[in-house]
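>>> predicted structure and sequence below. I'll ask about it afterward.
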Amino acid sequence: MRGGLAAATVLVAAGVVACGGASGPDLVVEGTPPATPYRGSLDIPTWEVDASTPQAMRTASGAAGRALECDGEIYWGTGPDGWSEGDGGDSPEAGLRLFFDMFDPEVPRSGYRVERREADRVLYSYDVGGRTKVAVVVAEDQKGRPGWGPETDAACDPSELPASVTTGAGWPGIWTDSGGRRAPVSKISSSSGPAHCGWQSAHFLTFGGTTYVRDPHGVFADGSELTGRYDGDTTMPADAHDTGYRFRDRRLWLTDDGDTAYVRTSHGVEAWPGERRGFACD
């Protein structure tokens, strides 16, 4: 589960704004302490669980998972994955930097604050509005691994990060609901297809357990993976209903069977077929 593999989309964080009052490219900032800092132990036993449920991620992420202050469920969390002898840093901040170097995690790359410090562990948090949305615990001199390195890490849903953070290339499309609120990526999200598969011209929308595909250039030409064909100029079915979800000029409509997503744009209506079986590429 390292790096948020439970998520359906790949996030690559760019420069961010630390919402504790500090900004800029610094990995660690002074920031503003949260209203309710984490007071528990940083040395909590962890277990790897072959599942991606919130409970499994909390179990795997130890203190990092417990330090989160999510509005919704934990989005991802992982436990000790170790650093090799010779990798460890000479300071807690070097251990945090090693976390990014080793795992290329799907989280902001700057604006972290020391939330709690113990003799051989430090909790770093990325805060939004005084609440911890990303947490990383670094530890010193673990068995066979001298120096400082990452021990546990966890994060809330990307929709709980500032819009200024998640609008860069590589982040998923974060939709809004009928009330204009940012909807959790775990509920609805969209992203371009991966270039290494040759699918970059396609666009994927995941909602209600189904993935829908915008495929204007026929990447999935035989259609066997999908419930039908993409249609960039169609008529809205009479029984379709507006879900209330929006992304830029796109509005998501569905019929009761859910086989096809009807996306209304400023240019008309598109039909995005649903996934019939899982996508995979080498």
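Nice, thanks for sending it over.
>>> residue contacts, residue 213?
When contacts are counted by Cβ atoms under 8 Å, 6 or more residues apart in numbering, residue 213 is found next to 202-205, 220, 226, 230, 272-275. Placement of C-beta: from N, CA and C, glycine included.
>>> against residue 152, how distant is it?
For residue 213, the distance to residue 152 (Cβ to Cβ, to the nearest Å) stands at 36 Å.
>>> what's the answer for residue 267, then?
47 Å.
>>> more neighbours: those two, which one.
residue 152 (28 against 9; other Cβ atoms under 10 Å).
>>> and residue 258, what element?
Assigned by DSSP states H and E, residue 258 belongs to neither a helix nor a strand.
>>> phi, psi of the residue nearest to it when sequence neighbours are not counted?
The spatial neighbour of residue 258 that comes closest, neighbours along the chain excluded (Cβ to Cβ, 6 or more residues apart in numbering), is residue 210 at 6.1 Å. The phi and psi values for residue 210, taken as degrees, to the nearest 10, are phi -120, psi 140.
>>> biggest helix in the protein by residues?
helix 54-67 (DSSP state H).
>>> name the helices or strands packed onto that one?
For helix 54-67, the elements it packs on are strand 74-78, strand 121-128, strand 131-142, strand 145-156, judged by 3 or more Cβ pairs under 8 Å, 6 or more residues apart in numbering; DSSP states H and E.
>>> got phi/psi on residue 197?
Torsion angles, degrees, to the nearest 10, at residue 197: phi -90, psi -10.
>>> so what's the residue lying closest to it once chain neighbours are set aside up against?
Excluding the flanking residues, the one nearest residue 197 by Cβ to Cβ, 6+ apart is residue 281, at 3.6 Å. Residues in contact with residue 281 (Cβ under 8 Å, 6+ apart) are 194, 196-199.
>>> quick one: what helix or strand has residue 206 in it?
With DSSP H and E as criterion, residue 206 is part of strand 203-207.
>>> quick one: average confidence on that strand?
Averaged across strand 203-207, pLDDT comes to 96.
>>> ok, residue 157 touching residue 68?
No. Judged on Cβ atoms under 8 Å, residue 157 makes no contact with residue 68 at a distance of 10.4 Å.
>>> overlap in contacts of the two?
With Cβ under 8 Å, 6+ apart, residue 157 and residue 68 have no common neighbours.
>>> related to what we said a few turns ago, mind checking the SS state of the residue nearest to residue 197?
Per DSSP: H, G, I helix; E, B strand; the rest coil, the secondary structure class of residue 281 is coil.
>>> how far away is it from residue 198?
For residue 281 relative to residue 198 (Cβ to Cβ), the value is 8 Å.
>>> what residues sit buried inside stretch 201-208?
Buried residues in stretch 201-208, defined by neighbour count with 16 or more other Cβ atoms under 10 Å: 202-207.
>>> residues in contact with the residue nearest to residue 264 when sequence neighbours are not counted?
Leaving out its chain neighbours, the residue that sits closest to residue 264 by Cβ to Cβ, 6+ apart is residue 251, at 4.4 Å. The contact partners of residue 251, by Cβ under 8 Å, 6+ apart, come to 242, 245, 263-265.
>>> on that earlier part again, show me which of the contacts of residue 281 are buried.
Looks like the contacts of residue 281 have residue 199 buried, using 16+ other Cβ under 10 Å.
>>> go through the contacts of residue 281 and name the one nearest residue 83.
Residue 83 lies nearest to residue 196 out of those, by Cβ to Cβ, at 27.1 Å.
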